[in-house]
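1. Sequence and predicted structure, then a few things I'm wondering about:
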Amino acid sequence: GNSVTQMEGPVTLSEEAFLTINCTYTATGYPSLFWYVQYPGEGLQLLLKATKADDKGSNKGFEATYRKETTSFHLEKGSVQVSDSAVYFCALSPYQAGTALIFGKGTTLSVSS
Amino acid sequence: DAGVIQSPRHEVTEMGQEVTLRCKPISGHNSLFWYRQTMMRGLELLIYFNNNVPIDDSGMPEDRFSAKMPNASFSTLKIQPSEPRDSAVYFCATVGRRYGYTFGSGTRLTVV
């Protein structure tokens, strides 16, 4: 079946530190991969996505590369800010259109100044 | 477009009462999903609809939960009777060509 595994949190960093949040997946076919961000009291917002192998998604300084050989989609940012504090979810969408996203359990990031 | 609209934002109810959560999808989005979020279990898919038809309700916890989508612009998730363990944030999400997969702001349900 399809599943997503992401690193356990919380992740605590100082401002301007480098961020990596690991995400690996199991899927049949050729899924699309996503990172969503959830700020306190809000719904999930799409951060970035990649739809095929070797694609790199990027947004707001965050990047993730779709690695089929390692079934991974790790999230990275070179210099985090306090405003990046949130919960980050890795997700996959199976190949079939109209099917539900499958989420990892989420990783809480806390950035201090 | 106003995005996916959920109501109410917060609901506090007593155990045993009926609770109805509402969702208005983005116009033109043909698929609608209900998720539940808790600290212990993370995000769980409860049910989803394509073109107003329920496709997969295997995530609905038990018979106390029911969901309907009578038309393309409205869906409800009902819990009857509610229990304290149903306390969670319930999200509606829709997907379509225009905006991709989009979440509402959620309904925080507290059952006391």
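-> Nice, I can see it.
2. Please identify the buried residues of stretch A:60-73?
-> The neighbour-count check on stretch A:60-73 (16 or more other C-beta atoms under 10 Å in any protein chain shown) flags A:62-67, A:71-73 as buried. For the C-beta atoms, the positions are set from N, CA and C on the backbone; glycine is no exception.
3. how about the residues of chain B that lie near chain A?
-> B:4, B:30-31, B:33, B:42-43, B:45, B:48, B:50, B:55-56, B:91, B:93, B:95, B:100-106 (C-beta under 8 Å from any C-beta of the partner chain).
4. Give me the subset of those residues that lies in strands.
-> Cross-referencing the residues of chain B next to chain A against strands under DSSP state E gives B:31, B:33, B:42-43, B:45, B:48, B:50, B:55-56, B:91, B:93, B:95, B:100-103.
5. Look up which residues are beta-bridged to the residue positioned nearest the centre of chain B.
-> The residue lying closest to the centre of chain B (C-alpha atoms, centre = their mean) is B:Trp34, at 3.7 Å. With DSSP bridges as the criterion, B:Trp34 is bridged to B:Ile47, B:Cys92.
6. pLDDT value on it, please?
-> With respect to pLDDT, B:Trp34 has a value of 97.
7. what's near enough to touch it?
-> B:23, B:45-48, B:67, B:75, B:77, B:90-92 (C-beta atoms under 8 Å, 6 or more residues apart in numbering or on different chains).
8. so which of those residues is the most crowded?
-> Greatest neighbour count in those, by other C-beta atoms under 10 Å in any protein chain shown, goes to B:Cys92: 27 neighbours.
9. so what strands line up beside the host helix or strand of A:Leu13?
-> A:Leu13 is part of strand A:11-14, with elements assigned from DSSP states H and E. Each strand paired with strand A:11-14, and its direction, by DSSP bridges: strand A:107-112 (parallel).
10. Any idea how far the partner strand is from the middle of the chain?
-> Taking C-alpha atoms, centre = their mean, to the nearest Å, one finds the center of strand A:107-112 at 14 Å from the center of the full chain.
11. Mind listing what's buried along that strand?
-> A:107, A:109, A:111.
12. Is the second one bridged to anything, and to what?
-> In other words, A:Leu109. A:Val11, A:Ala86.
13. Spit out the contact partners of it.
-> A:9-11, A:13, A:19, A:21, A:80, A:84-88.
14. Which among those count as buried?
-> Buried among those (16+ other C-beta under 10 Å): A:11, A:13, A:19, A:21, A:80, A:84-88.
15. looking at chain B, which helix or strand is least sure?
-> strand B:100-103 (a mean of 84; mean pLDDT, DSSP states H and E).
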